[in-house]
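Trainee: Dropping a prediction and its sequence here:
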Amino acid sequence: MPLFIVVAKHSPESCPAADPEMGKMLLSHLDNGNASKLGINIQAKVGAESQHTLHLILDAADSGKVDEYMSMFTQMGTVEVTPGIACEAIVARGRC
């Protein structure tokens, strides 16, 4: 299944973590059980400390599913979806 790197950014003023209800909703959305409804597997999810940035590593059938899954985050800021590749695959093919 294709791999995707997602970076979602928002301003300090639109930080969803500042609202306890919004924070709970986002954590629920970022649950693997919820993501699997769209055929997405979350490999990793981390926030960049004090940067108002969320980084996700996702397995998904295609970028359209990732865009659909991440659509709620576009209400707060920007979402960038990039095709990813495992480091082992990069080395095996001999180039990035």
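Mentor: Received, thanks.

Trainee: Surely G77 is in contact with H10?
Mentor: Yes - judged on Cβ atoms under 8 Å, G77 makes contact with H10 at a distance of 3.3 Å. C-beta here means a position set from N, CA and C on the backbone, and glycine is covered the same way.

Trainee: Could you check which of those two is surrounded by more residues?
Mentor: Each of G77 and H10 has its neighbours counted (other Cβ atoms under 10 Å); H10 has more, 19 against 16.

Trainee: does the residue nearest the centre of the chain sit in a helix, a strand or a coil?
Mentor: With distances taken as Cα atoms, centre = their mean, the chain has L56 as the residue nearest its mean C-alpha position (3.5 Å). Three-state assignment for L56 (DSSP: H, G, I helix; E, B strand; the rest coil): strand.

Trainee: what's the neighbour count on the spatially closest residue to it that is not a sequence neighbour?
Mentor: Nearest residue to L56, sequence neighbours excluded (Cβ to Cβ, 6 or more residues apart in numbering): V6, at 4.1 Å. V6 sits with 23 neighbouring residues when counted by other Cβ under 10 Å.

Trainee: mind listing what V6 touches?
Mentor: Shown in contact with V6 (Cβ atoms under 8 Å, 6 or more residues apart in numbering): L54, H55, L56, I57, L58, V66, M70, V79, E80, V81, T82.

Trainee: Derive a ChimeraX selection command for the buried subset of those residues.
Mentor: Filtering the contacts of V6 down to the buried ones (16 or more other Cβ atoms under 10 Å) takes a single ChimeraX command:
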select :54,56,58,66,70,79,81
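
Trainee: and which of the contacts of V6 is nearest to I40?
Mentor: Using Cβ to Cβ, L58 is the member of the contacts of V6 that sits closest to I40, with 5.4 Å.

Trainee: Against D19, how distant is the closest one?
Mentor: 25 Å (Cβ to Cβ, to the nearest Å).

Trainee: Equivalent analysis for V81, please.
Mentor: 25 Å.

Trainee: how about low-confidence regions in the protein?
Mentor: Within the chain, no range satisfies pLDDT under 70.
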